[in-house]
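K.L.:
My questions concern the predicted model and sequence given below.
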Amino acid sequence: MLTLTDEQLDWLMERIPKPKKDPRGGRPSVDLREAMKGIYWILDNGAKWKDLPKRFGSKSTAHRWLQKWVREGVCERIMQDAGRCIDERDCNRLYE
């Protein structure tokens, strides 16, 4: 099982748009780093969402963020940025 390094997670989180705050208040924001770790765990393990360990927070929250990021093209942009990094050899350290 692979885990994201802090450097890899920082690189990913730099590409995630900050959620807009509702002026009316509402629920506190979730820790998007933990949601990203949970999403990565699911993808890396080929597991079902119901099997996401509790240390990553709510499985429905992580799934909802992934759906939002896919719908808004965030995941596609991350893949494009990763491809550019590999092409430019600037980000090879992310994959060591």
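P.N.:
Great, that's in hand. Numbers count the residues shown, from 1 in each chain.
K.L.:
mind listing the helices for the chain?
P.N.:
Ranges of helices in the chain, per DSSP state H, are 6-13, 32-45, 59-71, 74-88.
K.L.:
Can you add distance to K21 and mean neighbour count and give those helices back as TSV?
P.N.:
For glycine as for every other residue, the C-beta is placed from the backbone atoms N, C-alpha and C. TSV is the format used below for the helices of the chain (distance: least, C-beta to C-beta, whole Å; neighbours: other C-beta atoms under 10 Å):
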stretch	distance to K21	mean neighbour count
helix 6-13	18	14
helix 32-45	13	18
helix 59-71	16	15
helix 74-88	18	13
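K.L.:
Tell me which of those helices sits nearest to G26.
P.N.:
G26 lies closest to helix 59-71 among these, at 13.9 Å (C-beta to C-beta).
K.L.:
shaky segments in this protein?
P.N.:
Scanning the chain for pLDDT under 70 picks out 1-2, 28, 89-96.
K.L.:
Could you rerun that using 80?
P.N.:
Applying pLDDT under 80 to the chain flags the ranges 1-2, 21-22, 25-29, 86-96.
K.L.:
Which residue lies nearest the spatial centre of it?
P.N.:
M36 (3.0 Å; C-alpha atoms, centre = their mean).
K.L.:
Might one say that that one is in contact with W11?
P.N.:
No: in this structure, M36 is not within contact of W11 by C-beta atoms under 8 Å, at 10.8 Å.
K.L.:
List the residues that are in contact with both of these two.
P.N.:
Residues touching both M36 and W11 (C-beta atoms under 8 Å, 6 or more residues apart in numbering): none.
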